[in-house]
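# The sequence and its predicted three-dimensional model are supplied below.
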Amino acid sequence: MSVYTCVDQSRMAQHVALFDLGKLESFSGIEGGVENTNYRVRTEHQSLVLTLFEHHNQHDVQEFVRLARFLSEEGFRVPAPISDRSGEWLHEVAGKPAILCPFIEGNHPDIITARHCWQVGSTLAELHLASRKLPGASANPRGFEWWKQMYSSLAEDLDRTDYALLSSEMNWQLKHRLQWRLLPQGWIHGDLFRDNVLFSGPAGSQQLSAILDWYNACKGVWIYDLAVVANDWCCNEQGEWDDTLYDALLAGYQRVRRLSGYEQQQWPLILRGAALRFWLSRLATRRYQQASGSSLVLSKDPDEYRNKLIHRRGYESLRIMA
Ligand SMILES: Nc1ncnc2c1ncn2[C@@H]1O[C@H](COP(=O)(O)OP(=O)(O)O)[C@@H](O)[C@H]1O
Ligand SMILES: N[C@@H](CCOP(=O)(O)O)C(=O)O
């Protein structure tokens with residue numbers, strides 16, 4: 001469970017009292033999540049999630065919640081923060097920027113099927129196209145510049161073999177920066193892992209009920225967003241593809257937006273970049289968790305993404321289904 005910041009009963013009640021939600025009934029830390037502190041909050045009138053941002057200031061939060069608010073208004077199943085009586089949706093709780101969103105029913109499926117992947121793919125493409133109407137996406141704070149900073153700070157955290165792998169991939173990515181820049185771009189979710197999507201309904205006919213955690217939303221290459229999904233949803237921890245899931249994801253995405261020949265050509269490069277990004281961020285998270293000494297934290301294994309990167313480096317090209 002990831003609860004980095006503890007909020008006591010009286011502070012929670014004081015916060016809930018700002019909204020038209022009735023009295024606070026109960027609250028508890030949410031299991032899952034890596035980066036922020038989340039509480040499930042029940043009031044007389046509603047079930048909600050309070051998120052405290054651990055690494056971002058109010059300005060950052062205003063920026064990346066813009067997309068979630070826009071998409072929610074466009075009718076996508078995306079939780080957007082609710083406003084208090086004075087119209088304010090961004091607050092400070094325990095010294096952290098805080099938002100309160102409606103709790104959305106659903107679960108993260110234990111077993112991923114082609115049906116899940118197809119729905120995630122098509123919804124992702126719909127999000128990409130819909131968000132073209134929202135101007136002003138800012139650059140990815142976990143993009144190439146951040147990779148470089150992390151790379152130079154990681155020499156002590158990695159053994160020689162892993163550091164050599166990291167150096168080699170950084171050089172490869174540097175050599176191919178221009179290819180990234182020529183790909184179609186726009187708003188991206190940036191972190192569409194299984195634990196950021198909810199499904200509801202009976203097993204076998206589940207429907208996607210929400211896309212959560214918009215806290216990495218930024219400007220980026222669209223197929224990078226798709227590669228993040230492929231690397232998490234469609235392979236095992238060693239990076240070996242499940243062809244059925246992989247084909248369903250790409251078919252779902254391409255039902256809405258067809259990949260160009262150039263995107264197909266660059267796909268292996270982007271899959272590698274997406275694996276590298278999460279290897280780096282998991283190493284960064286591990287370092288942060290060790291330093292903060294928090295007891296209620298969920299750890300995600302950096303080696304999983306090192307393994308996926310190794311696997312992706314084995315591909316010069318990769319089939320993309322129509
Ligand atoms: N609005 C919501 N409705 C239902 N569950 C939610 C909602 N927001 C978050 N959660 C639950 O909390 C978990 C962690 O939230 P998330 O935003 O992914 O945290 P983190 O940014 O720390 O990774 C999610 O996996 C989900 O189960
Ligand atoms: N989904 C990611 C965690 C989120 O990435 P971060 O850069 O915001 O820490 C994972 O599984 O590693």
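In hand now; what should we look at? Ligands and ions are numbered 1, 2, ... in the order given.
# Setting the sequence-adjacent residues aside, check what's closest to the residue in the chain positioned nearest to ligand 1.
Going by Cβ to the nearest ligand atom, ligand 1 is nearest to Gly33 of the chain, at 2.9 Å. (Glycine included, C-beta is placed from N, CA and C.) Closest residue in space to Gly33, ignoring its immediate chain neighbours: Ser2 at 4.7 Å, by Cβ to Cβ, 6 or more residues apart in numbering.
# Tell me which helix or strand that neighbour sits in.
Using DSSP states H and E, Ser2 sits in no helix or strand.
# Roughly how far does it sit from Glu156?
25 Å (Cβ to Cβ, to the nearest Å).
# before we move on, the earlier item: so for the residue nearest to Gly33, what's the pLDDT?
Looking at Ser2, its pLDDT reads 70.
# three-state assignment of whichever residue of the stretch 201-322 of the chain sits closest to ligand 2?
The nearest approach of the stretch 201-322 of the chain to ligand 2 comes at Ser281, 3.5 Å away (Cβ to the nearest ligand atom). Counting by DSSP: H, G, I helix; E, B strand; the rest coil, the backbone at Ser281 sits in helix.
# Could you find the closest non-adjacent residue to it?
Closest to Ser281 by Cβ to Cβ, 6+ apart is Arg142, at 6.2 Å.
# which phi and psi does that neighbour have?
Main-chain torsions, Arg142, degrees, to the nearest 10: phi -110, psi 40.
# Next SSE downstream of the helix or strand where Glu126 lies?
Element membership for Glu126 (DSSP H and E) is helix 114-130. Counting by DSSP H and E, the next helix or strand C-terminal to helix 114-130 is helix 144-153.
# Convert that next one to CSV, retaining C-alpha atoms only.
Extracted in CSV, the C-alpha atoms of helix 144-153 (Å, rounded to 0.1, in the frame of the first residue of the first chain):
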residue,chain,number,x,y,z
PHE,A,144,14.8,12.3,-22.8
GLU,A,145,16.3,15.2,-20.7
TRP,A,146,15.2,13.4,-17.5
TRP,A,147,16.6,10.1,-18.8
LYS,A,148,19.9,11.8,-19.2
GLN,A,149,19.9,13.2,-15.7
MET,A,150,18.9,9.8,-14.2
TYR,A,151,21.5,8.0,-16.2
SER,A,152,24.3,10.1,-14.9
SER,A,153,23.1,9.8,-11.3
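# quick check: mean pLDDT across it?
Helix 144-153 comes out with an average pLDDT of 96.
# same question, stretch 118-134
Averaged across stretch 118-134, the pLDDT comes to 98.
# same deal with stretch 227-238?
The average pLDDT for stretch 227-238 rounds to 98.
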